[in-house]
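In: can you look at this prediction? I've put the sequence above it.
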Amino acid sequence: MASITLEGLTKVFPDGTVAVSDLNLGIEDGEFMVLVGPSGCGKTTALRMVAGLEEISSGVVRIGPRVVNKLSPKDRDVAMVFQNYALYPHLTVFNNMAFSLKLKKADKAEIKRRVKEAAQILGLDQLLDRKPRNLSGGQRQRVAMGRAIVREPQAFLMDEPLSNLDAKLRVQMRAEISRIQSHLGVTTIYVTHDQVEAMTLGNRVAVIKKGILQQVAGPQELYEHPVNIFVAGFIGSPAMNMAEAKLSAFDGDLKVSFGGHDLRVPAAVVDHRPALRSFVGRNVVLGIRPEDMEDASLVPQAPADQKLAAKVSLLEALGSEVLVHFEVEAPVVLTEDVKELAVDVGAEHLENLEKQARVGRSVFTASLNPKTTAQKGGSIELVADSTRFHFFDPDTGLGIYH
Amino acid sequence: MATVIRVLNRAPVTVVMLIIGAIWLVPTVGLLVSSFRTAAESNTSGWWNGIAHPSQLTIEPYSNLLTGGGMLTAFKNTVLITVPTTLIVVLVASLAAYAFAWIRFRGRDVAFLIVVGLLVVPIQVALIPVATLYGKVGLFGHIPGVVLFHVAFGLPFAIFLLRNFFIGIPADLLEAARMDGAGELQVFYRVVMPLGTPAIASLAIFQFLWVWNDLLVALVFAQTSSAPMTVFIRNQLREFASNIDVIAPAAFLQMIVPLIVFFAFQRYFVQGLLAGSVK
Ligand SMILES: Nc1ncnc2c1ncn2[C@@H]1O[C@H](COP(=O)(O)OP(=O)(O)O)[C@@H](O)[C@H]1O
Ligand SMILES: [Mg+2]
């Protein structure tokens, strides 16, 4: 096992597409690193450069202390799990897993031992004689994992290994991958466009936008201190609500105003982020996570200056929570980052946002306790936890946390 | 009920297949029966009399043919021409097709275009220049010369066929093999060859049949000692009297080997024909 270091890693395709741009990333020995970002942001390309399947335009890839730029895939001693599994259709499960060991001319007994061991870990013992076409999606996924495990490689590279599974199986395999990785302690780079997967699996998560690294941090840190609007909008589900707002001084505290709502931001919050003071009297982008709002009637001592009235335009009861959508008379934030995020959701979503921007409105989502009495079309009073607000510089899109 | 409908639906197909089968089978059976009749009988009555009077049948034509020299040498020559040709074409074409499909190298696309262009070069234009060339290098009239000519004209189609099949193999599989530690040759024979078996097998059958049944090339480049069965049979034709007792058994022997080959490999052959459409 080994650490992996990417220094200034760049990929320019012959057609001029810059898929990965100056990527610097250190993955520690045994670490589970997740690369996450919208599709097309260059995650696969970055992973393939580490694997040796894609030529490196510039920069350095180190596995352990060794620069591997010039090494072919077979000499890098890393194992890859492909999105569509890429199992050898003509070989049995056993031989799929044994393939690399046979190439290495490993001892027969040793091959058998290692395949059996991996099969045990993955619950494939009964399937060793089957051909891939006679396996279910989940079983194929396991075989693909098994093929990587038996090699005992320096590192695992996984490219959206769960994206072809149905939702339930995905959750199950996600837990399994996590378990296996921490059991084996193999350095892992895991690529996904699913932020939930990223957050649940990664020791650290690297968020990438258009080939450029935005932020590398632990899941909680990403959630609480997203470095910019892009990361803030990408991490968390449902996504963070954002609106243009005005910051002003208020009675020793600060006040943030948007769409006719005035919410007090206690001085204690500002003390932690002194930079906020320089925005007093100016516009900021306010970010409120849906989880940081609650039905005011369920919060006995909700302070009046943290409440906002809303008209429920859509209500989604999910059982454990109730999602309430409501309109806010504040212009939607339409920076480059937001557009990028919207495109990833779908072209329609971007159109919707642009429509909202034209009429100067945004749609907010709040995640409420299921005890709420909110009804579609009804009015409701919400309380927002202003200690957990996020503020972004509208010019740079950077988060204001200092 | 459902089965009845299915049978009825398939009835026209079945009938047509039976008719085609019969059309093919009648002359074949005719040849087979004739090959067991003496010259005298063949000259006086039709072959179907052989079925009506099985006692007329005799293996004499075969024993005459095989003891008469000629035919055995011709059979041996046919094998010596066909088998090496098929092996060389299949081996070279699979390697070349793999490179054309999966290895990036300078000039690859141009080279492949040239190969495709060679597909339309008729054999006839090469006969005279190659014959002259063979004369100079001493290949004329020898089996290796015939083999070489067949290989040269077999390769373009073989490469074209296999390359188009190999390119359909998912790239991920080859990459997975490379990640697993395989070099190019190992990727080729551990992944591409096994997955390409249907295409390779049908190519082998085609190639085998073409060369086995070839008359033109052999007629030009072989001499009596190196001539295959096709040339031998042709030489038995006489202008006024037909010597059916020689031609029939020889023709049947000439035919039986391709049939055996075909039936032995027909499973792959069918897969190969379907391969492009099903995937
Ligand atoms: N072979 C290629 N030639 C040109 N552009 C490519 C090639 N492969 C990928 N790209 C482009 O590079 C960008 C990153 O692709 P990719 O790494 O596959 O993204 P991701 O895996 O994050 O979805 C995309 O814009 C894609 O269109
Ligand atoms: Mg990808």
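Out: Structure received. Ligands and ions are numbered 1, 2, ... in the order given.

In: spit out the contact partners of residue A:123.
Out: By CB atoms under 8 Å, 6 or more residues apart in numbering or on different chains, residue A:123 lies in contact with residue A:142. Backbone N, C-alpha and C define where each C-beta goes, glycine included.

In: scratch that, residue A:103
Out: B:180, B:181, B:182, B:186, B:190.

In: now do it against residue A:150, distance only.
Out: Distance, residue A:103 to residue A:150, using CB to CB, to the nearest Å: 12 Å.

In: try residue A:184
Out: Residue A:184 is 11 Å from residue A:150, by CB to CB.

In: got it, and residue A:67?
Out: In terms of CB to CB, residue A:67 sits 27 Å off from residue A:150.

In: between these two, which one's more packed in?
Out: Higher neighbour count among residue A:67 and residue A:150: residue A:150, with 25 against 13, using other CB atoms under 10 Å in any protein chain shown.

In: name the SS class of residue A:60, please.
Out: Three-state call for residue A:60 (DSSP: H, G, I helix; E, B strand; the rest coil): strand.

In: mind listing the residues bridging to it?
Out: Residue A:60 has the following beta-bridge partners by DSSP bridges: residue A:7.

In: verify the contact between it and residue A:70 for me.
Out: No. If you go by CB atoms under 8 Å, residue A:60 and residue A:70 don't touch, sitting 10.7 Å apart.

In: looking at the two, which is more packed in?
Out: Taking other CB under 10 Å, residue A:60 and residue A:70 do not tie; residue A:60 has more neighbours (14 against 8).

In: got the contact list for that one?
Out: Contacts of residue A:60 (CB under 8 Å, 6+ apart): A:5, A:6, A:7, A:8, A:9, A:67, A:69.

In: check the contacts of residue A:103 against ligand 1, which are close?
Out: Among these, not one lies near ligand 1 by CB under 6 Å from any ligand atom.

In: just the buried positions in stretch A:192-211, please.
Out: Within stretch A:192-211, the residues scored as buried using 16 or more other CB atoms under 10 Å in any protein chain shown are A:192-195, A:197-199, A:201-211.

In: following the longest helix belonging to chain A, which helix or strand comes up?
Out: Counting by DSSP state H, the longest helix found in chain A is helix A:167-184. Per DSSP states H and E, the first helix or strand lying C-terminal to helix A:167-184 is strand A:187-192.

In: pull the residues that contact the helix or strand just after that following strand.
Out: Heading C-terminal from strand A:187-192, the first helix or strand you meet, by DSSP H and E, is helix A:195-201. If you take CB under 8 Å, 6+ apart as the criterion, helix A:195-201 is touched by A:32, A:34, A:36, A:162, A:170, A:174, A:177-178, A:190, A:192, A:205, A:219, A:222-223, A:234-237.

In: same thing but at 10 Å, please
Out: A:32-38, A:158, A:160-163, A:170-171, A:174-175, A:177-178, A:181, A:188, A:190-192, A:194, A:204-207, A:218-220, A:222-223, A:231, A:234-237, A:239 (CB atoms under 10 Å, 6 or more residues apart in numbering or on different chains).

In: list buried residues within those.
Out: Among these, those buried by neighbour count (16+ other CB under 10 Å) are A:32-38, A:158, A:160-162, A:170, A:174, A:177-178, A:181, A:188, A:190-192, A:194, A:204-207, A:219, A:222-223, A:231, A:234-236, A:239.

In: how about the nearest residue to residue 166, chain neighbours excluded?
Out: Chain wasn't specified; assuming chain A. Closest residue to residue A:166 apart from its sequence neighbours, by CB to CB, 6 or more residues apart in numbering or on different chains: residue A:137 at 7.6 Å.

In: chain B is the one I meant
Out: residue B:101 (4.1 Å).

In: which SSE is residue A:216 in?
Out: Using DSSP H and E, residue A:216 sits within strand A:212-217.

In: what of residue A:205?
Out: Following DSSP H and E, the helix or strand that holds residue A:205 is strand A:204-209.

In: how about the stretch 251-400 of chain A: which residue is closest to ligand 1?
Out: residue A:344 (10.0 Å; CB to the nearest ligand atom).

In: which stretches of chain A have low pLDDT?
Out: Across chain A, nothing is flagged by pLDDT under 70.

In: residues of it that sit close to ligand 1?
Out: A:13, A:15, A:17, A:19, A:37, A:39, A:40, A:41, A:42, A:43, A:44, A:45.
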